[in-house]
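**Q** Need coordinates for the below:
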Amino acid sequence: MTWSDLYLACFLFGFALSLVSWAIGLMGGHLHFDGSHPHVHMSPHHHHAGGDASFGPSPFSFSTVTAFLAWFGGAGSLLTHYAAIWPLAVLMSAATTGYLGAAIVFWFMSRVLWSTRENLDPGDYDLVGMLGTVTSPIAAGGTGEILFLQAGVRRVAGARSDNGAPIDRDIEVVITRYEDGLAYVRVWDELAAEHN
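**A** You can find the predicted model right below:
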């Protein structure tokens, strides 16, 4: 096998796999590898291969590897056929071009396609157990208001005392349940004392 054959094979292989990955993505699935066996997972929610809900897509994903192969092979094949360059220089130029292609795909995935709102973790939005502060006093058997942090954002919710006792303003409370748009809360100091 000559260098020209190797570059052409890399280009065709990378380009073909990119097309397969793109087609699977259009159908709402994603491709991942389990050991040496590829699997297609169809889902109603869109996922990006190699990504993580917390940190975004990986620079070493299926998409970036296939982009590297296609760009590396394409550049190497063109340089081998149309430029009188030393083979090592062709290899270095093709590798640089492949890296550039993979970097462009990664940039597009991480800046355009991926969103922190796309892959939501229900645990991040479960109010039970969250600590808050009473901003509007809760009367006995009545409703007040609390302020708390949820996914790094300050939020306000209507609140009732879980045991019916009044709770003054600026008291720290824990949300014990959330029903019909109201947070049921207990005073933090009381709960801490019960568990000590």
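
**Q** residue contacts, the spatially most distant residue from the centre of the chain?
**A** Relative to the centre of the chain, the most outlying C-alpha is that of residue 84, 45.0 Å out, by Cα atoms, centre = their mean. With contact set as Cβ atoms under 8 Å, 6 or more residues apart in numbering, residue 84 has no partners. In short, each C-beta sits where N, CA and C put it, glycine included.

**Q** and it, that one's in a helix?
**A** No. Going by DSSP: H, G, I helix; E, B strand; the rest coil, the assignment for residue 84 is coil, not a helix.

**Q** Check it and give its pLDDT.
**A** With respect to pLDDT, residue 84 scores 77.

**Q** Next one: it from residue 90, what distance?
**A** Distance, residue 84 to residue 90, by Cβ to Cβ, to the nearest Å: 10 Å.

**Q** what's in contact with stretch 97-105?
**A** In contact with stretch 97-105 (Cβ under 8 Å, 6+ apart) are residues 59, 63-65, 67-75.

**Q** I meant to write stretch 189-196 there.
**A** With contact meaning Cβ under 8 Å, 6+ apart, stretch 189-196 is reached by 172, 174.

**Q** how about a cut-off of 7 Å?
**A** For stretch 189-196, contacts defined as Cβ atoms under 7 Å, 6 or more residues apart in numbering pick out residue 174.

**Q** now it: mean pLDDT?
**A** Stretch 189-196 comes out at a mean pLDDT of 78.

**Q** In it, which residues are buried?
**A** Using 16 or more other Cβ atoms under 10 Å as the burial criterion, the residues of stretch 189-196 that qualify are residue 191.

**Q** so how far is it off the chain centroid?
**A** Going by Cα atoms, centre = their mean, to the nearest Å, the spacing between the C-alpha centre of stretch 189-196 and its chain's C-alpha centre is 37 Å.

**Q** likewise stretch 65-85?
**A** Its chain's C-alpha centre lies 32 Å from the corresponding centre of stretch 65-85 when counted by Cα atoms, centre = their mean.

**Q** Go through that stretch and flag the buried ones.
**A** 65-80.

**Q** For residue 86, see how far away residue 181 is.
**A** For residue 181, the distance to residue 86 equals 72 Å [Cβ to Cβ].

**Q** mind listing the strands in the protein by residue range?
**A** Here the chain has its strands, by DSSP state E, at 29-34, 37-42, 51-52, 56-57, 131-136, 143-150, 153-161, 172-179, 182-187.

**Q** now the helices for the chain?
**A** Listed in chain order, the helices of the chain (DSSP state H) span 3-26, 62-82, 87-108, 188-194.
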